[in-house]
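S.K.: What follows is a protein structure lacking sequence information:
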């Protein structure tokens, strides 16, 4: 028994080493090393960002990217900043959910003379360049489009909205949830926000919550989730209750909207009989903007202690107005997608 | 009783739990018109079903005076493994079988370290938790992503979303079966009796000729098997497998067991308690969601309920029902 | 050496609920002497020590220290008055250095930094006077047990202590270390410190003791000077060291004082079948035992008797597969090689352990669930526990052993000591083993239950079971056993056959090392 255990342990270690070995880069001379801290490595969206960030910085600037997971936690993020500074990186790109924390990270980096750029959540101090994906207009558009589609199919049913957000990130309201609601209200001023709960970015958690929400008010007919993972959970909950359906793009039970525009979401969106229908997001442009800004600071082209806002589009994808080809291209460019979206959609439809 | 605070004493805390449940149900019925509906109870059961499935075995481990913190990670690992195999052409029933065996492997590993090598269970199963979760992330990465959803066969969700007689979700059916099995194990089998004996007095159990190591290994294997099976059910129900779904699961399982009156030092507890403890957690979360109460208040409420339940356990003294 | 009295004990009493642990004890302890205290477990010596050191309060009588009434309310109060204890379990922290151990709990901190304590120099002086091989910066874990004791002694003496109580200080020491400790004790005595020395090894008294007080059943049965015990009229003419014969005789005298008059409780021979040798133990040794040889026959009750620490329990432990051993065990003429309790049980052994609370009962479980624990087959019906069988079994044993309980569902923890013991015995009997070992079968059991348990044991032997009884109560042994194995210091002194008026003096002589 002991021998068996030992063998298993050794095998595990070997597997680990081989795997780690595969990750090892060839010894190569880089001009610079820059750090990147994603919000969390657990979401497909942030993984794609990190991959693009790494490939682009190497290709364009012969620069090595060091990725440290922010683990959607304040402590982990701050520790990652300290870690990168002590590693002596030449620049840092930070995506953090907390404005105060981002400010602190900027101060730390600046104190060490390291240029830093933030993404999405505006830091409190505004003393460093910032990348701002233009999520607000896209969210407004999604809200309006979803409400239009619902009203076209069910003119007499009042619109009831349920939302899933991340806890504790205020700017999410401005860019995502609030903007979506604004869009809805621009079509139907009487639309009601039934509830907004924390799905913790998790599919399973969101599924449980939406089951309860639909129980509390079965009349909910628009569901917006602040990322695709949560939207997929909401969809699973609807399907569990026999909902989640559309008749060839015509809303029957509800309309679900997500955010990030990942492949898992688009596969559902282009299924004409599925109620998940809208999402928006961009990867490539954001990652490249991050790299470009950091490199511009390193090369002294822009000051590292002045707030500038680089705006990046966050294109919308929905069943009614986007073509399958556009979505396919978006996935290839942004999510390193190698499949055929049309085939994947068909496969998922059973 | 060592507590200085004088609390009302009950012989068993099961009546207290039933009291709390009735109270919560009355309050929820009054404030939410949609509470008292069959569909809602189905929702609650679905929510706590996974907790009950895992806690039924983890509870028996706790009765022996040990602990299993790796259940969440084994659940996530199994979900991912199952999805990975299904995506890559393994027939679903075969994949379920392989996954269950792999999950049990984690349990045997736990049982061996805790039972044979006598490493403190908190440390041992924490170690397993990290390894299993690490492998869950690795498998997802081998597949090329953070979670597995695309490319799953259409029949993948059939098990998790299956409705018995067209209206009873399959998880509920499993919960009933597993709870019945464990009730049976507790009352009727040597395994159950020995579990209580080991938790009550491990030294006396050894001197009575009970094979303590074997019992502990079997229990950990059962716990991991149920965690693994829950992982399969959960990922099949959601139609997606993610390596992070098991986070905090061990805490929930622990809370459910403690709420249900299982002594962390061992020797006392029952599956009935687990069912009631899970019901309280389910009602609490359901109620707070029905009322649309914010996540942070939910955390506060959960903590309060746990402390109240432990106080109730203290007041129930040492009497055994 | 001034010979005035430092501690005067008069009519000292201590009553715990239901037990009179001290029943009016009188004696004096003289200043600057090594005063030994001996007695079997439960004789009252530790109760006396606890009252002296403030761990317990007396319930009657008086205790004078330096001529003043002394009734410490806490260990600290006794320490401040000058009475310190060197406990059997040492209180040193292995990870720290000598210096850190000495200053532990006495650190003066200034701005969060630990300052060197003023008392350190004094403690170091004490250490140097006792053992100059100990340095301040040595990590304690490289020191021997005797050296660790020196550190503890230094800590105790640093608080101006005039009386040092040493609780079985030699229990875990090697022979060499015992020598070193005795040297330390002599040096302390030269410094005018009074030492109260508790030990189970009687021969040690004749090496370092000046006086000895013997306790028995809560009473003081004698306080004598060591020369007196050894047979000399007074200290004059008494040699510094005694020869072996003198020590053995003196130990026998002490054992007599410890055990008292053994009332012959009409031994009835059981119907042993000496043609059927069930168990044979040959040349067994381990860390606590040396060359153990004995036989056990069918229907025989074999008793193991010896003072505390003589190795009775250890014999039970290796037979039951708990401890390792070298040597051979034969059951029914066949050599056994079981390595654990499960193996021993399969070989036909069963045991009632010495400590029922620690090793015997399942306190939270009902009586019904306790009894079948060693042989679940007895309550299984097609592989499953049958409540009916369980109830029947419980009823049978509860009747047979007249267990006093509310019902069979009562949790065992709530039973009295005697009834708990009966449940443990019932659990063991249900095993239906051929060789039943009972370690201290009636400890902490009231008189009535004791007699019942004895009857049950005798009944088992008459049914043809072979019984081994380990007991530190001589009357129990002479009352029950057909043959008696007398143990001393991990070895068998002699195996004697029991008879109606067995020579108790001889037994005492053997267990005292004769």
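M.R.: Here it is on my side, so go on. As the structure is a prediction and not an experimental result, all values here were calculated from the model.
S.K.: What segments of the stretch 1-150 of chain C are helices?
M.R.: Residue ranges of the helices in the stretch 1-150 of chain C, as given by DSSP state H, counting those that start in this stretch, are C:45-52, C:75-81, C:98-103, C:119-130, C:145-157.
S.K.: There's contact between residue C:130 and residue C:184 in this structure, I believe.
M.R.: Yes. The pair residue C:130 and residue C:184 qualifies as a contact (CB atoms under 8 Å) at a distance of 4.9 Å. Any C-beta I mention is one placed from the backbone N, CA and C, and that applies to glycine too.
S.K.: Now list whatever residues contact both of those two.
M.R.: By CB atoms under 8 Å, 6 or more residues apart in numbering or on different chains, residue C:130 and residue C:184 have these common neighbours: C:150, C:153.
S.K.: Below-threshold pLDDT in the chain: ranges please.
M.R.: With no chain named, the answer covers chain A. Filtered on pLDDT under 70, chain A yields the residue ranges A:1-27, A:168, A:350.
S.K.: my bad, chain C
M.R.: Counting by pLDDT under 70, the low-confidence segments of chain C come to C:1-3, C:18, C:105-119, C:234-236, C:262-266.
S.K.: How about the residues of it by chain B?
M.R.: Proximity of chain C to chain B (CB under 8 Å from any CB of the partner chain) is limited to residues C:320, C:322, C:341-342, C:345, C:351, C:353, C:358-366, C:369, C:373-374, C:376, C:380, C:384-385, C:411, C:413, C:427, C:431.
S.K.: taking the residues you listed one by one, which sit in strands?
M.R.: Where the residues of chain C next to chain B overlap with strands, as defined by DSSP state E, the overlap consists of C:351, C:380, C:384, C:385.
S.K.: Run through these and flag the ones next to chain A.
M.R.: Among those, proximity to chain A is found for none (CB under 8 Å from any CB).
S.K.: Now do the domain split for chain A, please.
M.R.: Here the domain parsing of chain A from automatic domain parsing is A:31-128+A:283-313, A:135-281+A:320-348.
S.K.: Any idea which of the helices of the stretch 1-150 of chain C gets closest to residue B:284?
M.R.: Of all these, it is helix C:75-81 that lies closest to residue B:284, at 48.6 Å by CB to CB.
S.K.: how much distance is there from the closest one to the middle of the chain?
M.R.: 27 Å (CA atoms, centre = their mean, to the nearest Å).
S.K.: what comes into contact with it?
M.R.: Defining contact as CB under 8 Å, 6+ apart, one finds that helix C:75-81 is touched by C:52, C:53, C:54, C:55, C:65, C:70, C:72, C:84, C:85, C:156, C:159, C:161.
S.K.: for stretch C:84-93, same thing?
M.R.: Among residues not part of stretch C:84-93, those counted as contacts by CB under 8 Å, 6+ apart are C:49, C:53, C:75, C:78, C:100-101, C:104, C:140, C:145, C:148-149, C:151-153, C:156-157, C:159, C:161, C:163-169, C:171-172.
S.K.: Of the residues you listed, just the buried ones, PyMOL syntax please.
M.R.: Written as a PyMOL command, the selection of buried residues from those, which uses 16 or more other CB atoms under 10 Å in any protein chain shown, is:
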select buried, chain C and resi 49+53+78+100+101+140+145+148+149+151+152+153+156+157+161+163+164+165+166+167+168+169
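S.K.: Any idea what residue C:30 is bridged to?
M.R.: Residue C:30 has these beta-bridge partners by DSSP bridges: residue C:5.
S.K.: residues near it, how many?
M.R.: 17 (other CB atoms under 10 Å in any protein chain shown).
S.K.: Test my guess that it contacts residue C:5.
M.R.: Yes. In this structure residue C:30 lies within contact range of residue C:5 using CB under 8 Å: 5.9 Å.
S.K.: Show me where chain B has its helices.
M.R.: With helices called from DSSP state H, chain B shows them at B:14-31, B:38-63, B:71-87, B:92-111, B:121-142, B:170-188, B:190-200, B:202-207, B:212-238, B:249-259, B:271-290, B:295-315.
S.K.: possible to save the domains of chain A as CSV with mean neighbour count and distance to chain C?
M.R.: Shown next, in CSV, are those (neighbours: other CB atoms under 10 Å in any protein chain shown; distance: least, CB to the nearest CB, whole Å):
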stretch, mean neighbour count, distance to chain C
domain A:31-128+A:283-313, 20, 25
domain A:135-281+A:320-348, 21, 36
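S.K.: Next, the nearest residue in space to residue C:41 that is not next to it in sequence: secondary structure please.
M.R.: Closest residue to residue C:41 apart from its sequence neighbours, by CB to CB, 6 or more residues apart in numbering or on different chains: residue C:308 at 5.9 Å. Secondary structure for residue C:308, judged by DSSP: H, G, I helix; E, B strand; the rest coil, is coil.
S.K.: Assess the claim that residue C:308 and residue C:40 are in contact.
M.R.: Yes. If you go by CB under 8 Å, residue C:308 and residue C:40 touch, sitting 6.4 Å apart.
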